[in-house]
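**Student:** Need coordinates for the below:
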Amino acid sequence: MEARRAGRRGQVGCGVGPELDDFHVLPKDRVPPHLRVPGNAEQHWVADTTRIRVELGYRERVTVADALKRTIEWERSHPPGDVDPGQFDYAAEDAVLAEIG
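**Tutor:** The predicted model follows:
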């Protein structure tokens, strides 16, 4: 299953607003060690909001783009108190991004 997903581009928020198709699924061995999540996350989930939209008339109060903008602004204005810069390896992340284009 892992090999089938590796290298594929994905979409977030399909049909809800602007498509956010700027992420890649990497093979586990290409994920920089500091970004690897322990455990087995190989689950197949499908989220469908049709029922709540049709039956209850649900609509987002803000667009996906605005929600992301607000979240980023909040995160930047509320940084965590204790951050160990040694836990980040930006060179490894940049190398992976350069490799996948």
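
**Student:** From here on, just use CA atoms for contacts and neighbour counts.
**Tutor:** Noted.

**Student:** Helix or strand with the lowest mean pLDDT in the chain?
**Tutor:** strand 9-12 (a mean of 45; mean pLDDT, DSSP states H and E).

**Student:** What's the separation between the residue lying farthest from the centre of the chain and residue 66?
**Tutor:** Distance from the C-alpha centroid of the chain, by C-alpha atoms, centre = their mean, peaks at residue 55 (28.8 Å). Separation of residue 55 from residue 66 (C-alpha to C-alpha, to the nearest Å): 26 Å.

**Student:** ok so, going back, contacts for the helix or strand harbouring the residue farthest from the centre of the chain, please.
**Tutor:** Secondary structure assignment for residue 55, by DSSP states H and E: helix 50-56. If you take C-alpha atoms under 8 Å, 6 or more residues apart in numbering as the criterion, helix 50-56 is touched by 58-59.

**Student:** List the first helix or strand encountered after that helix toward the C-terminus.
**Tutor:** Per DSSP H and E, the helix or strand that comes after helix 50-56 is helix 64-77.

**Student:** Can you tell me the closest non-neighbouring residue to residue 89?
**Tutor:** Excluding the flanking residues, the one nearest residue 89 by C-alpha to C-alpha, 6 or more residues apart in numbering is residue 34, at 7.1 Å.
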